[in-house]
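Participant: fold the following for me, if possible:
(one chain, ligands or ions: 1)
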Amino acid sequence: MTEIDSRALRDLPLEELIACHECDLLMRREHVEPGLKSICPRCGYELEVHRRDMVRRALALVVTALLLYVPANFLPIMDITILGQTGVDTVWSGVQGLYNSNMEGVGILVFLCSMVIPLLKLLCQLLVLLSLRFNIAQRQGMLLYRTYQHLREWGMLEVYLMGILVSIVKLIAMAELHVGLGLACFVALLFTQVLLEVTMSRHQVWDELSTEDGDARD
Ligand SMILES: [Zn+2]
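Facilitator: Just a heads-up that it's a prediction; the model follows:
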């Protein structure tokens, strides 16, 4: 970047600047048209994307995820038959099993990371989207979206799914396993959450939450 460019950037107000998340290149923020995205000229990282019908599509996904949440946690993940005894395992029974096996700390951690925080994340997203959809309580919407950003690091459904897959591979040699409907719902929940994360373009959500008159609604 030349000295002239640096000076020109220094004179711009903060809201007209954008820094690349990957390589820290500071640039003038360009307006992104619906359906288009801007990328960093240095490293190619996606800076901003403006999705069409973002709020409506994300609302459909968040409601789907909330509907999947209950069967994913309370329907059997798998049936295990070992030495003639059959047991049915759900996420919730796994948490209870850990807690009752003198591993209260691990049980509480699994309960928080696999059940409580994913639910709180979905509720935060739902309320943020409702705030955008109906153009109400933007201040609270911003607070909830900030909370969601902090919770993202603690919801570990992917790690939990990896654990389930590893246990299936380990147990398959020594027991008879039947995968349950809960696992299908769990995988569907995970994919819905990933899709939701991609659909809720972060810059777009922040922009719309900070638009007082709400003229950027879908
Ligand atoms: Zn970059």
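Participant: just to confirm, which helix or strand has residue 48 in it?
Facilitator: strand 46-49 (DSSP states H and E).
Participant: run through who's touching stretch 136-145.
Facilitator: Applying C-beta atoms under 8 Å, 6 or more residues apart in numbering, the external contacts of stretch 136-145 come out as 124, 127, 128, 130, 131, 132, 205, 206, 209, 210, 212, 214. Yep, even glycine has a C-beta here, placed from its N, CA and C like the rest.
Participant: flag every buried residue along that stretch.
Facilitator: 138, 141, 142, 144, 145 (16 or more other C-beta atoms under 10 Å).
Participant: wait, is the fourth one part of a helix?
Facilitator: Yes - assignment of residue 144 by DSSP: H, G, I helix; E, B strand; the rest coil places it within a helix.
Participant: check what pLDDT the residue nearest to it when sequence neighbours are not counted gets.
Facilitator: Leaving aside its chain neighbours, residue 144 sits nearest to residue 124 (4.7 Å; criterion: C-beta to C-beta, 6 or more residues apart in numbering). As predicted, residue 124 sits at a pLDDT of 94.
Participant: go on, residue 28?
Facilitator: 87.
Participant: please report phi then psi for it.
Facilitator: The phi/psi pair for residue 28 (degrees, to the nearest 10) reads phi -80, psi 140.
Participant: returning to that earlier point: can you tell me the average pLDDT over the strand holding residue 48?
Facilitator: 88.
Participant: anything in that strand near the ion?
Facilitator: No - judged by C-beta under 5 Å from the ion, strand 46-49 stays clear of the ion, getting no closer than 7.9 Å.
Participant: residues making contact with that strand?
Facilitator: Strand 46-49 has contacts (C-beta under 8 Å, 6+ apart) with 18, 20-21, 27, 29, 32, 36-40, 201, 203-204.
Participant: now that strand: buried residues?
Facilitator: Under the neighbour-count criterion of 16+ other C-beta under 10 Å, strand 46-49 has 47, 48, 49 buried.
Participant: distance between it and the chain's centre?
Facilitator: In terms of C-alpha atoms, centre = their mean, to the nearest Å, the centre of strand 46-49 is set 17 Å apart from its chain centre.
Participant: contacting residues around residue 62?
Facilitator: So residue 62 contacts 122, 125, 126, 129, 196 (C-beta under 8 Å, 6+ apart).
Participant: in what helix or strand does the first one lie?
Facilitator: Counting by DSSP H and E, the element that carries residue 122 is helix 117-134.
Participant: which strands and helices sit next to that helix?
Facilitator: Taking 3 or more C-beta pairs under 8 Å, 6 or more residues apart in numbering; DSSP states H and E as contact, the helices and strands that helix 117-134 lies on are helix 54-74, helix 138-151, helix 181-199, helix 202-209.
Participant: so it versus helix 138-151, what angle?
Facilitator: Orientation check (axes from the mean of the first three to the mean of the last three C-alpha atoms, to 10 degrees): helix 117-134 against helix 138-151 gives 150 degrees.
Participant: where does this protein have low pLDDT?
Facilitator: Along the chain, the model assigns pLDDT under 70 to residues 1-7, 212-218.
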